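Pasting the sequence and the predicted model now:
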Amino acid sequence: MTVQEKTMEMMEYEDELHVNIISGLSCRTGWHFDADTGSCYAIPTGAEGSWAEAMAYCGALGGELAIVESAGEHRFLVSLINTTKAAYPHDKDFWIGAVDILEEGVFIWAYRLSEVENFFWGRGEPNNQNGGQGCLRMESELAWAWGDGDCTSKEYFICERE
Ligand SMILES: [Ca+2]
Ligand SMILES: [Ca+2]
């Protein structure tokens, strides 16, 4: 092996090491790193709850219910659900962090108190069914596009650590 080859090999090794260190430091075990947003996401296995319970649960983990701000972030979460959904057998929906309970039709990211700007609604949503749907979720029947849901219904949920 020439010196050049050896140098190349060491540089590749260092690149690999660097990537491992970066991804290792970025998220704790059980959390998934999205390099585009720089956030870590988790779907606590087996945990189901109302929107408020989900918010509290994510808070206890040092995060918040996911704040989904771009098409790329939405796609990342869709693929996260699709690759892990075997662990969520009840075919439920997944809460994320916005509500329109203060003013019907105006969705706010609760953790930040900022208005939702980019929407990824499924067909026919939001429909505020029965006048009682104030919380945002990614819905199974909509291929994980968004719908508004009854805040008290028990769902899975996605936490985010920014
Ligand atoms: Ca986010
Ligand atoms: Ca709805």
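Yes, it's here. Ligands and ions are numbered 1, 2, ... in the order given.

where exactly do the strands run in this structure?
Listed in chain order, the strands of the chain (DSSP state E) span 32-34, 39-42, 64-65, 94-99, 108-109, 114-115, 135-138, 146-149, 156-157, 159-161.

ok, residues contacting the third one?
Put plainly, it is strand 64-65. 51, 54-55, 58, 95-97, 110-111, 157-160 (C-beta atoms under 8 Å, 6 or more residues apart in numbering). Using the backbone N, CA and C atoms, a C-beta is placed for each residue, glycine as well.

In its sheet, which strands sit next to that strand, and in what direction?
strand 159-161 (antiparallel) (DSSP bridges).

Give me the contacts around the strand it pairs with.
27, 31, 39-44, 57-58, 61-67, 97.

Please pick the buried ones from those residues.
Among those, those buried by neighbour count (16 or more other C-beta atoms under 10 Å) are 27, 31, 39-44, 57-58, 61, 63-67, 97.

coming back round to it: I'd like the strands of the chain laid out as CSV, including mean pLDDT and distance to ligand 2.
Output for the strands of the chain, formatted as CSV (pLDDT from 0 to 100; distance: least, C-beta to the ion, whole Å):
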stretch, mean pLDDT, distance to ligand 2
strand 32-34, 95, 27
strand 39-42, 96, 23
strand 64-65, 98, 17
strand 94-99, 98, 13
strand 108-109, 97, 17
strand 114-115, 95, 19
strand 135-138, 98, 9
strand 146-149, 97, 4
strand 156-157, 96, 17
strand 159-161, 97, 22
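
Could you identify which of those is most buried?
With neighbours defined as mean count of other C-beta atoms under 10 Å, the strands of the chain peak in mean count at strand 135-138, which reaches a mean of 29.

by contact count, what packs against that one?
With contacts taken as 3 or more C-beta pairs under 8 Å, 6 or more residues apart in numbering; DSSP states H and E, strand 135-138 sits against helix 71-84, strand 94-99, strand 146-149.

residue ranges with poor pLDDT in the protein?
Along the chain, the model assigns pLDDT under 70 to residues 1-25.
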